[in-house]
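Asks: Need coordinates for the below:
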Amino acid sequence: MNAQRLITMIINTVTRRLINLGINKGIDLASRKGKPRDQMTAEDRKQAKNAREIAKRARQAAKITRRLGR
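Replies: Below is the predicted model:
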């Protein structure tokens, strides 16, 4: 394996992780409807947790679908 291919592989791995981090932060922000956690009521926190769980299940379903498509 040459150096260029190794560098590309590392860059792709780092990019993928950063994109996933950004997506997760965005889902978390959307589930909280833009409110900071300390300004949320108990009902808001419950709804945000439910939304995060739904998003997690959607990511898992997408992952399984990609595996089955191979």
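
Asks: For Asn2, give its distance to Met9.
Replies: From Asn2 across to Met9, the span is 11 Å (Cβ to Cβ, to the nearest Å). C-betas here are computed from N, CA, C, even on glycine.

Asks: Look at the two and report which has more neighbours.
Replies: Legend: neighbour count by other Cβ atoms under 10 Å for Asn2 and Met9, higher for Met9 (11 against 7).

Asks: The more buried one in helix, strand or coil?
Replies: helix (DSSP: H, G, I helix; E, B strand; the rest coil).

Asks: Determine the next helix or strand in the C-terminal direction from the host helix or strand of Ile23.
Replies: Assigned by DSSP states H and E, Ile23 belongs to helix 3-31. In the C-terminal direction, the helix or strand that comes right after helix 3-31 (DSSP H and E) is helix 42-68.

Asks: okay, which residue is most central for the protein?
Replies: Nearest residue to the geometric centre of the chain (Cα atoms, centre = their mean): Asn24, 3.0 Å.

Asks: Find me the pLDDT at it, would you?
Replies: Asn24 is assigned a pLDDT of 86 by the prediction.

Asks: ditto for Lys35
Replies: 83.

Asks: How much space separates the nearest residue to it once chain neighbours are set aside from Arg16?
Replies: Leaving aside its sequence neighbours, Lys35 sits nearest to Asp44 (Cβ to Cβ, 6 or more residues apart in numbering; 6.7 Å). Per Cβ to Cβ, Asp44 is found 32 Å from Arg16.
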